[in-house]
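> Got a predicted structure here, sequence first:
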Amino acid sequence: MNEGRMHDIGGQPSADGPVSYTGYPEATAEEIARAAQAAAEASQSYRTLPEERRAAFLEHIAAELEGQTERLAETIPEETALPAARARGELARTAGQLRLFATVIRRGDYLGVRIDHADAARTPTRPDLRQYRVPLGPVAVFGASNFPLAFSVAGGDTAAALAAGCPVVFKAHPGHPLTSIVTGAAVRRAVQACEMPSGVFSLLHGASHGVGGTLVEHPMIRAVAFTGSFAGGTALMRLAQTRPEPIPVYAEMGSANPIFLLPGALARDTEALARDYFASLTLGVGQFCTNPGLVFAVRGEALERFCNELSKAAGEQGAQPMLHAGILAAYEAGTERMASAAGVWTVGAGSGEAGRAAAHVYRVSAESFMANPKLAEEVFGPTGLVIELDGPEQMASMAEALSGQLTATVHGEPGEVGVQRPLVNVLEQHVGRVLFNGFPTGVEVCDAMVHGGPWPATSAPQTTSVGTRAIERFLRPVCYQDSPAELLPLALREDNPLGLRRLVDGQWERH
């Protein structure tokens, strides 16, 4: 076996299991146990490292990745059919995420410090109470198929977990194993250069569901992060909840991401709006979890022009390769299901080509859409469905009928958006991000971003997998009551040696 085609278990190469169809070894139960044990052994020392050392570690990973730019720009297109330009852009995002979490660590607000001093004059007396957040422990992170860097080995979930002080056992996606090895080697070099405990990171391969299931069920794993299909996410949730000690699963499972076109916006520059929508729909061959698969618009002359432009755009769009054959097969099944549904007709479709995906746009009445809940489900790929309404007053009720989504978008002119408060109020309850006059396929990595949403878009609607609040998934609050001063963590000490912003006796205070 090629020496590079191995697992990295706490810095030790291993390949005891059989080779799968990918050409890479399947992690055995014993190898998974070793990785989890190594993470558990690293956990205590890693979680207590000074914040500056953890921050420097993340920055070193970013630098190591950037040193592999040219190699990754070759391996990613070979394994995924994504273009080299996409690989370079995603690498920049991945390095940026790591550096952003380094700033979060240094800033210290992720610790969420709250202090209520003792009050002997109160009846009953109040004890001295001090709260902050501590790491959960080893985290199992699953790589996503559609983001071989940003949601993979050193992606956002790994960055957030390491920033929180949690070791990571990473399950590589079988769609890009070599990319995972190159990235994992960069992480391992950073572990060594920064003198981190060796078990803080492990990389496992496995094309079978059994590898992931065994990892989730291991008692040393304290949380799971997953980006992928609804079936995959719910399977991991069931395993995690039936353990003797259940653990949280933070699963991001996709979305149809509805767009609501108010009449003024639809009529103002109809053809340009259609082209912009189609560009968002087909970006990356539609292989984004924020792909806008549903469009709600009022029937009339403007909608006809909108659909005519979509038909033209679809006809001009050549067939494109998807990430792998399994995704293409699922996409083709989804378009067949859409085309054969009662009341659905085709607006436009690209020319078909064996082994490649053609764009499709369909249309349906509001009544037929409501009669078939399957039409609201995500089709992962460049397929959109236009739902025609009798009037804008229907939009709020249509939004109410949708399940949880990652995003929803409203396009409208200044005078008409303001009267759609009922629609926006509904969307706020159903999605993680509400956009106006834009498209959802760009996800900014920053403090304010929310990439999450109610079930079934995610398993934990109170969290986000993108942005700095992603770190909170891997932390839990602990309270010290009447603790001797010398036993208090630095973050909770009276003199605030870390200079943190803290809520003290109900008032924000910075040392």
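Great, that's in hand.
> What are the phi and psi values at residue 388?
phi -90, psi 130 (degrees, to the nearest 10).
> which residue packs closest to it, ignoring adjacent ones?
Leaving aside its chain neighbours, residue 388 sits nearest to residue 299 (4.3 Å; criterion: Cβ to Cβ, 6 or more residues apart in numbering). Where you see a C-beta, it was placed from the backbone N, CA and C, and this is true even at glycine.
> count of residues packed around the one you found?
16 (other Cβ atoms under 10 Å).
> how about it, phi and psi?
phi -60, psi 150.
> Quick check: neighbours of the strand or helix carrying residue 347 in the sheet, parallel or antiparallel?
Per DSSP states H and E, residue 347 falls inside strand 345-349. Counting by DSSP bridges, the strands paired with strand 345-349 are strand 360-365 (antiparallel).
> Downstream of the strand it pairs with, the next helix or strand is which one?
helix 366-371.
> before we move on, back to that, how near is the residue nearest to residue 388 to residue 168?
Distance of residue 299 to residue 168, given as Cβ to Cβ, to the nearest Å: 51 Å.
> swap in residue 469?
19 Å.
> quick one on the thing from earlier: my read is that the residue nearest to residue 388 contacts residue 390, right?
Yes. Using Cβ atoms under 8 Å, residue 299 makes contact with residue 390 at a distance of 7.0 Å.
> Just give the number of residues close to the residue lying closest to residue 510 once chain neighbours are set aside.
Among residues not flanking residue 510 along the chain, residue 501 sits closest, at 4.8 Å (Cβ to Cβ, 6+ apart). If you count neighbours by other Cβ under 10 Å, residue 501 ends up with 14.
> again with the one 5 residues further on
Residue 506 has 8 neighbouring residues, counting by other Cβ under 10 Å.
> Could you work out the end-to-end span of stretch 466-473 for me?
11 Å (Cα to Cα, to the nearest Å).
> just stretch 117-128 next, same as before
5 Å.
> Please apply the same query to stretch 454-471.
End-to-end distance (Cα to Cα), stretch 454-471: 19 Å.
> Likewise for stretch 158-178?
18 Å.
> and what of stretch 225-245?
The first-to-last residue distance of stretch 225-245 comes to 17 Å (Cα to Cα).
> List the buried residues in it.
225-230, 232-237, 239-240 (16 or more other Cβ atoms under 10 Å).
> ditto for stretch 402-419
Buried-residue list, stretch 402-419, by 16+ other Cβ under 10 Å: 402, 404-412, 417.
> How much space separates residue 333 from residue 290?
Taking Cβ to Cβ as the measure, residue 333 falls 22 Å from residue 290.
> all helices for the stretch 101-250 of the chain, in order.
All helices of the stretch 101-250 of the chain, identified by DSSP state H, counting those that start in this stretch, fall at 156-164, 177-193, 209-217, 230-241.
> Rebuild those helices as CSV, extending it with mean pLDDT and distance to residue 267.
Formatted as CSV, the helices of the stretch 101-250 of the chain follow (pLDDT from 0 to 100; distance: least, Cβ to Cβ, whole Å):
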stretch, mean pLDDT, distance to residue 267
helix 156-164, 98, 39
helix 177-193, 98, 46
helix 209-217, 97, 49
helix 230-241, 97, 36
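> Now do the SS call for residue 387.
strand (DSSP: H, G, I helix; E, B strand; the rest coil).
> just checking, it touches residue 369?
Yes. The criterion here is Cβ under 8 Å, and residue 387 meets it with residue 369 at 4.8 Å.
> what's the overlap in contacts for the two?
Residues touching both residue 387 and residue 369 (Cβ atoms under 8 Å, 6 or more residues apart in numbering): residue 398.
> thinking again about what came up before, outside of the strand holding residue 347 itself, list whatever touches it.
So strand 345-349 is in contact with 307, 310-315, 339, 358-364, 386, going by Cβ under 8 Å, 6+ apart.
> give me the number of residues near residue 383?
Residue 383 has 25 nearby residues by other Cβ under 10 Å.
> try residue 454
Residue 454, neighbours per other Cβ under 10 Å, totals 18.
> Can you tell me, leaving aside adjacent residues, what's nearest to it?
That would be residue 404: by Cβ to Cβ, 6+ apart, it lies 3.0 Å from residue 454.
> pLDDT score assigned to that neighbour?
Per-residue pLDDT puts residue 404 at 97.
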